[in-house]
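Visitor: generate coordinates for the sequence data below:
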Amino acid sequence: MRGPVENERPRPGTYASLALMAADPSDELEFVWYDIDLEQIEPYDIWKPATLKWAKKVNWARVNDLVRNNVADFPARNLDQALTSAERVRLNKKDTAGLYTLYAEPIFATPHQITNGGHRLTAMRTQGLRWALGTCLRDDIGESVDELHAYLPEPD
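Guide: Residues are numbered from 1 along each chain as shown. As a prediction, the model looks like this:
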């Protein structure tokens, strides 16, 4: 079995179960990771050039893939656990700052709208990424987020 390929979108269900197991069951609002296909997102009008300059310094392929391939260590909305895990894998300061923004200012984008993360998505696109991680409420899946792009357990 081959290991993960940098920024290759995993097959559905490969880490979905871990994402939901890592979610706090007492949380009324269950957040999950989902993949954003950058080819389906319109280019973003940059209005904060300094933010884009900062975002381009983050190795977004590494940050996205680290979360994508280790969801139990990086559950959606658990910043403390994510920062502890980042320290354990010795993520550098720039990439840790990028990881921090995925939690502090979660990216949410659909082909119809970018709610948050436009500068980071632009930086990822500039770096040649096709897929970016965002977070959404589980209840949004099937509504504003295509369920094929969300990480949910496969039906039994």
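Visitor: make it CA atoms for all contacts and neighbour counts henceforth
Guide: Will do.
Visitor: for the helix or strand encompassing Thr84, packing partners?
Guide: For Thr84, the element it lies in under DSSP states H and E is helix 79-88. Counting contacts by 3 or more C-alpha pairs under 8 Å, 6 or more residues apart in numbering; DSSP states H and E, helix 79-88 packs against helix 93-104.
Visitor: mind listing what's buried in the helix it packs on?
Guide: 95-103 (16 or more other C-alpha atoms under 10 Å).
Visitor: and the next helix or strand past that helix?
Guide: Following helix 93-104 in sequence, per DSSP H and E, is strand 108-110.
Visitor: which of the residues in whatever helix or strand comes next after that following strand are buried?
Guide: On the C-terminal side of strand 108-110, the nearest following helix or strand under DSSP H and E is strand 113-116. Of all the residues in strand 113-116, those buried under the rule 16+ other C-alpha under 10 Å are Ile114.
Visitor: can you classify Trp33 by secondary structure?
Guide: strand (DSSP: H, G, I helix; E, B strand; the rest coil).
Visitor: distance-wise, check it relative to Thr101.
Guide: Trp33 sits 14 Å away from Thr101, going by C-alpha to C-alpha, to the nearest Å.
Visitor: low pLDDT regions in this protein?
Guide: Scanning the chain for pLDDT under 70 picks out 1-28, 143-156.
Visitor: now do the residue sitting nearest the centre point of it against Ile114, distance only.
Guide: By C-alpha atoms, centre = their mean, the chain has its centre lying nearest to Leu133, at 2.1 Å. Separation of Leu133 from Ile114 (C-alpha to C-alpha): 13 Å.
Visitor: now do the contacts for Leu83.
Guide: Counting by C-alpha atoms under 8 Å, 6 or more residues apart in numbering, Leu83 touches 96, 100.
Visitor: count residues in the vicinity of Arg88, would you?
Guide: By the criterion of other C-alpha atoms under 10 Å, Arg88 has 9 neighbours.
Visitor: buried ones in the helix holding Thr84?
Guide: Within helix 79-88, judged by 16+ other C-alpha under 10 Å, the buried ones are 79, 82-83, 85-86.
Visitor: restricting to C-alpha, output that helix in PDB.
Guide: What follows is helix 79-88, C-alpha atoms only, in PDB (Å, rounded to 0.1, in the frame of the first residue of the first chain):
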ATOM      1  CA  LEU A  79      -6.900  24.200  18.300                       C
ATOM      2  CA  ASP A  80      -5.100  23.100  21.500                       C
ATOM      3  CA  GLN A  81      -4.800  19.500  20.400                       C
ATOM      4  CA  ALA A  82      -3.700  20.700  16.900                       C
ATOM      5  CA  LEU A  83      -1.000  22.900  18.300                       C
ATOM      6  CA  THR A  84       0.300  20.100  20.600                       C
ATOM      7  CA  SER A  85       0.300  17.800  17.500                       C
ATOM      8  CA  ALA A  86       2.100  20.400  15.400                       C
ATOM      9  CA  GLU A  87       4.800  20.700  18.100                       C
ATOM     10  CA  ARG A  88       5.200  16.900  18.200                       C
END
